[in-house]
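Chemist: Predicted model follows, preceded by the sequence.
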Amino acid sequence: MSMGNANVAIHKARRGLISPYLSKTSVQKLDDNIVKHVKKFIEVISPTPKVLGENCERLRKEVVIKPGDGVNMVNLLRRLTGDVISEYGYSESFGLLSSDKNIWHIQPIADSVAILPWLSFAWPVAYIMAAIPKWVLMNVVPREFRGFTELEYNLGEQVDEYIRNPNAAKAKTTNKTIFEALLEGDEEVKLSRSALVGDAMVLIGAGTETTATTLAEAMYNACIYPELQVRLRQEILNAFPNKDDEITVAKAEKVEYITAFLKETLRLATPIPGRIVREAPAEGAVFQEKSIPGCTVVSMSAYLMHTNPDIYPDPYKFDPDRWMNSDPASDQEKYFVPFSKGSRGCIGSSLAWAEMNATLAATFRRYKLSLHPDNQRTDKWVDRIARVVIGDFIATVEEYDG
Ligand code: HEM
């Protein structure tokens, strides 16, 4: 079973193999790799997307309503975050921003989210689905129900290729990949093929959807609060005054208003809003002077914590300024938990921050975003373990002269 294993010892061992590769220091070394993909994203959303070659018809249709007009931001951002995590994890980027190649990788992730709640109640269905031959799955099972299994098939093929020829895979990158780290597990955590595929599912799924939807929310906020977008751009201009200034993660992270904007986005549009579950130990536990019987399933909701008026005054107001000069020891920092905390908290938060800071800096340095007339995004959202907003966010992208 994969890293998400309920067994504490197995989970700890598997997580221990990966976590050094996702630490802040490791992510800092990836600056160029991340920026490479961000640059591609910036070119693709350009009103005149030169990088979309002849082999990109499908990509163009999916992300651009009409060339040079409205852009389906969430789809494109999924491609960006999918490209980053696939290269870091498995030595070869999916190339989702470069061509139509491997487009099938990304749609299953989005579709998977739709069935997550059902799978959590009816998890044996996942095993039954996995036993269906791929051809039958793809041709008979409706797309929205096969997402998880389709992703599993696709990643399984990639894992097989890696196992068949690891040297060829290693030669594609100078970084040590997460996959190499997993293969190095000792006997105790020796990984079966299904465990490797499971870990790939967790990493690619968790690393793609959450970061993409957060970035989309931040961009949407910039569209509906244009005065805040002006401020955001001004702060970015202060750090990158010349049009040709190289955007790096290290420099973008120093722009305090970008982080404040992202934190406020994560507070209100937290990608995993609730019911993160844990089981009390068999001997029971005591929490805030209340005793919890052994093996009781308990849960917490980040969304409820983030909208507590005692901690965040005027909680439904989108106000990035509340994070400027914020005291690290304050309650608002303590109760800010979009990545959860503890031994099962998000392992990819440093990578997510790096991607998000660089993408916002590069986007608003060069472009003004506004809602396109074809925008379908509403303010309604549903909790499907991940937060799913209703309707596509379609943006108009205009390029600044300077
Ligand atoms: C804005 C972006 C992100 C948010 C808000 C987010 C949030 C979360 C949350 C709330 C959890 C559950 C933790 C728990 O059960 O307590 C989690 C787990 C996880 N996340 Fe993220 N995540 C993000 C980005 C990423 C990225 C980029 C990666 C890529 C490496 C990643 C990989 C993981 C993994 C592997 C787990 C499972 C950890 C474990 O079971 O030990 N996440 N994330």
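Modeler: Structure's in. What do you need? Residues are numbered from 1 along each chain as shown.
Chemist: Run the chain-centre distance for the longest helix along the chain.
Modeler: Ranked by residue count and defined by DSSP state H, the top helix of the chain is helix 193-224. Helix 193-224 sits 2 Å away from the centroid of its parent chain (Cα atoms, centre = their mean, to the nearest Å).
Chemist: tell me which residues of that helix are tucked away?
Modeler: 195-223 (16 or more other Cβ atoms under 10 Å). From N, CA and C alone the C-beta is placed, and that goes for glycine too.
Chemist: for stretch 312-326, same thing?
Modeler: The neighbour-count check on stretch 312-326 (16+ other Cβ under 10 Å) flags 312, 319, 320, 322, 323, 326 as buried.
Chemist: So which of those residues belong to helices?
Modeler: Per DSSP H, the subset of the buried residues of stretch 312-326 in helices is empty.
Chemist: so residue 343 touches residue 12, yeah?
Modeler: Yes. The criterion here is Cβ atoms under 8 Å, and residue 343 meets it with residue 12 at 7.0 Å.
Chemist: So between the two, which is more surrounded?
Modeler: residue 12 (14 against 8; other Cβ atoms under 10 Å).
Chemist: Can you name the residues of the stretch 201-350 of the chain sitting close to the ligand?
Modeler: Contact residues (Cβ under 6 Å from any ligand atom) of the stretch 201-350 of the chain with the ligand: 202-203, 206-207, 210-211, 214, 271-272, 276, 338-340, 344-348.
Chemist: Now with 5 Å, please.
Modeler: Taking Cβ under 5 Å from any ligand atom as the criterion, the stretch 201-350 of the chain approaches the ligand at residues 202, 206-207, 210-211, 214, 271-272, 276, 338-340, 344-348.
Chemist: Report the closest residue of the stretch 301-402 of the chain relative to the ligand.
Modeler: Nearest residue of the stretch 301-402 of the chain to the ligand (Cβ to the nearest ligand atom) works out as residue 348 at 2.1 Å.
Chemist: now that residue: how far from residue 199?
Modeler: The spacing between residue 348 and residue 199, counted by Cβ to Cβ, to the nearest Å, is 13 Å.
Chemist: Check residue 327 too.
Modeler: 38 Å.
Chemist: surely the residue of the stretch 301-402 of the chain closest to the ligand meets residue 205?
Modeler: No. Residue 348 is not in contact with residue 205 according to Cβ under 8 Å; the separation is 11.0 Å.
Chemist: hey, which helix or strand in this structure has the poorest pLDDT?
Modeler: Within the chain, no helix or strand scores below helix 106-121, which has a mean of 64 by mean pLDDT, DSSP states H and E.
Chemist: mind listing what's buried in the helix or strand following it?
Modeler: Moving toward the C-terminus from helix 106-121, the next helix or strand (DSSP states H and E) is helix 124-130. For helix 124-130, a neighbour-count test (16+ other Cβ under 10 Å) marks residue 129 as buried.
Chemist: which residues are contacting the helix or strand that comes right after helix 124-130?
Modeler: Next helix or strand after helix 124-130 toward the C-terminus (DSSP H and E): helix 134-140. With contacts defined as Cβ atoms under 8 Å, 6 or more residues apart in numbering, helix 134-140 is touched by 129, 146, 149, 150, 153.
Chemist: Can you name the next helix or strand after helix 134-140?
Modeler: Moving toward the C-terminus from helix 134-140, the next helix or strand (DSSP H and E) is helix 143-164.
Chemist: could you give me the average pLDDT of the following helix or strand past that following helix?
Modeler: Helices and strands here follow DSSP H and E; after helix 143-164, the next one along the chain is helix 166-171. The pLDDT scores in helix 166-171 average 73.
Chemist: helices or strands next to the next helix or strand after helix 166-171 in the packing?
Modeler: The helix or strand immediately downstream of helix 166-171 is helix 178-183, counting by DSSP H and E. In terms of contacts (3 or more Cβ pairs under 8 Å, 6 or more residues apart in numbering; DSSP states H and E), helix 178-183 is packed against helix 8-18, helix 73-90, helix 166-171, helix 193-224.
Chemist: For the second one, give the mean pLDDT please.
Modeler: Averaging pLDDT along helix 73-90 gives 87.
Chemist: Ok, stretch 343-355 next?
Modeler: 94.
Chemist: list the buried ones in it?
Modeler: Buried residues in stretch 343-355, counted by 16+ other Cβ under 10 Å: 346, 347, 348, 349, 350, 351, 352, 353, 354, 355.
Chemist: cool, stretch 285-297 as well?
Modeler: residue 285.
Chemist: Residues contacting it, please?
Modeler: So stretch 285-297 is contacted by 277, 278, 279, 280, 281, 282, 283, 284, 298 (Cβ under 8 Å, 6+ apart).
Chemist: Show me how to select, in ChimeraX, the buried members of the residues you listed.
Modeler: Here is the ChimeraX command that picks out the buried ones among these, judged by 16+ other Cβ under 10 Å:
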select :280
